[in-house]
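Peer 1: Sequence below, structure please.
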Amino acid sequence: MLFNLAHAADGAPGDPGIMGFLPLIVIFVLFYFMLLRPQMKRAKEQKNMLEALQKGDEVVTAGGTLGKVIKVTENFITLEIAANTTIHVQRSAIQTLLPKGTIKDLDK
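Peer 2: Prediction:
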């Protein structure tokens, strides 16, 4: 005969156990510490900043409008963006709390 009989190779060894899931577990842990945890920390800081807003604070909105807080209600904030010019924005639209005197320094 010209051809030898082919024999099937032995199957893969049994269940690899935890070692099969180890790369997946490592990826999840890295994802948590590099993405989820810092994002949750930033969200908590933003929430605390919005709750602590008070009259006289200088802020920047998400749209880039710079203003001074005149009135704070449950859902809306009134900002003075120029002399005798006020706007109402949602509390969640406030992006950054600025140090006192920032608006005055920009006018120079």
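Peer 1: use CA for all of it now, contacts and neighbours both
Peer 2: Fine.
Peer 1: Tell me the confidence at the residue nearest the centre of the chain?
Peer 2: Centre of the chain computed as the mean C-alpha position; nearest residue by CA atoms, centre = their mean is Gln39, 4.0 Å away. On pLDDT, Gln39 comes in at 95.
Peer 1: Need the CA coordinates for the strand or helix carrying it. CSV is fine.
Peer 2: If you go by DSSP states H and E, Gln39 is part of helix 37-51. Presented in CSV, the C-alpha positions along helix 37-51 are these (Å, rounded to 0.1, in the frame of the first residue of the first chain):
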residue,chain,number,x,y,z
ARG,A,37,-13.3,53.9,38.8
PRO,A,38,-11.9,57.2,37.6
GLN,A,39,-15.1,58.0,35.8
MET,A,40,-17.2,57.3,38.9
LYS,A,41,-14.8,59.5,40.9
ARG,A,42,-15.3,62.4,38.4
ALA,A,43,-19.0,62.0,38.5
LYS,A,44,-19.1,62.1,42.3
GLU,A,45,-16.9,65.2,42.3
GLN,A,46,-19.2,66.9,39.7
LYS,A,47,-22.3,66.0,41.8
ASN,A,48,-20.8,67.4,45.0
MET,A,49,-19.8,70.6,43.1
LEU,A,50,-23.3,71.1,41.8
GLU,A,51,-24.8,70.6,45.2
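Peer 1: Can you give the domain ranges for this structure?
Peer 2: Using automatic domain parsing, the domain parsing of the chain gives 18-52, 54-108.
Peer 1: List the residues that contact the nearest residue to Gln54 once chain neighbours are set aside.
Peer 2: Closest residue to Gln54 apart from its sequence neighbours, by CA to CA, 6 or more residues apart in numbering: Val72 at 6.5 Å. The contact partners of Val72, by CA atoms under 8 Å, 6 or more residues apart in numbering, come to 53-55, 78.
Peer 1: ChimeraX command for the buried members of those?
Peer 2: Restricted to buried positions by 16 or more other CA atoms under 10 Å, the ChimeraX selection for the contacts of Val72 reads:
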select :53,78
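Peer 1: Including pLDDT, secondary structure and distance to Ile103, could the contacts of Val72 go into a markdown table?
Peer 2: Below are the contacts of Val72 laid out as a markdown table (pLDDT from 0 to 100; DSSP: H, G, I helix; E, B strand; the rest coil; distance: CA to CA, whole Å):
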| residue | pLDDT | secondary structure | distance to Ile103 |
| --- | --- | --- | --- |
| Leu53 | 94 | coil | 17 |
| Gln54 | 94 | coil | 16 |
| Lys55 | 95 | coil | 15 |
| Thr78 | 96 | strand | 16 |
